[in-house]
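K.L.:
The sequence and its predicted three-dimensional model are supplied below.
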Amino acid sequence: MIEIIDKFLTNKEIDHLNTEMEKGSWKLSGYSNNSNSKSFWFKDIINTEALTLFTNKIQHGIGRKIVIDYLYVNGQAHGQCGDWHTDVKPGSLNCFTIVYFLKDWQPEYGGHLLIRSSPVISILPEFNKAVLFDSTFEHMGMEPTVHCKTQRESIACKFKVIV
């Protein structure tokens, strides 16, 4: 299951999220797969009001209760390509990931989200787009191209559906 959701947040929710994004600091401590991967920028936002925003938005959208395990922002500049990885161990049930894109983005900037399925799906990180998928699916965030003068930023929300 892979679902692409355009206009995921309302303008009011985006404004609120942008305020939350100002809190905390970036650390060069994120990894796609393991400590041998290239690092990328990371900002933990699970202890902000963004947790309530994402919990409510997802629960309303899927009509089920959820528990968010991880909520953070990834930042990648040119040269910081992710690696193929899954967010949970194979066989895990009821675990999902949402990757949310929060910046205006041009096609020449690259930075696609790749999800390994049959065939591989490539998703341009367009403003206010969310991608929902099973956390057992292999995926990776591609680096921005040399044409991009900013970093690719996405929010990763990893959650379990309560059965």
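P.N.:
Structure received.
K.L.:
For the least confident helix or strand in the chain by mean pLDDT, which helices and strands make contact with it?
P.N.:
In the chain, the helix or strand scored least confidently by mean pLDDT, DSSP states H and E is strand 27-30, which has a mean of 84. Identification of packing neighbours for strand 27-30 by 3 or more CB pairs under 8 Å, 6 or more residues apart in numbering; DSSP states H and E yields strand 40-44, strand 66-76. Backbone N, C-alpha and C define where each C-beta goes, glycine included.
K.L.:
Lowest average pLDDT across the ones you listed?
P.N.:
Among these, strand 40-44 carries the lowest mean pLDDT, a mean of 90.
K.L.:
From the contact counts, what lies against the helix or strand that that one is followed by?
P.N.:
Next in sequence after strand 40-44, counting helices and strands by DSSP states H and E, comes helix 50-62. When contacts are defined as 3+ CB pairs under 8 Å, 6+ apart, helix 50-62 packs onto helix 11-21, strand 66-76, strand 152-161.
K.L.:
Go again with 7 Å.
P.N.:
Contacts defined by 3 or more CB pairs under 7 Å, 6 or more residues apart in numbering; DSSP states H and E place helix 50-62 against helix 11-21, strand 66-76.
K.L.:
Residues in contact with the first one: which ones?
P.N.:
By CB atoms under 7 Å, 6 or more residues apart in numbering, the residues outside helix 11-21 that reach it are 9, 45, 48-50, 53, 73, 128.
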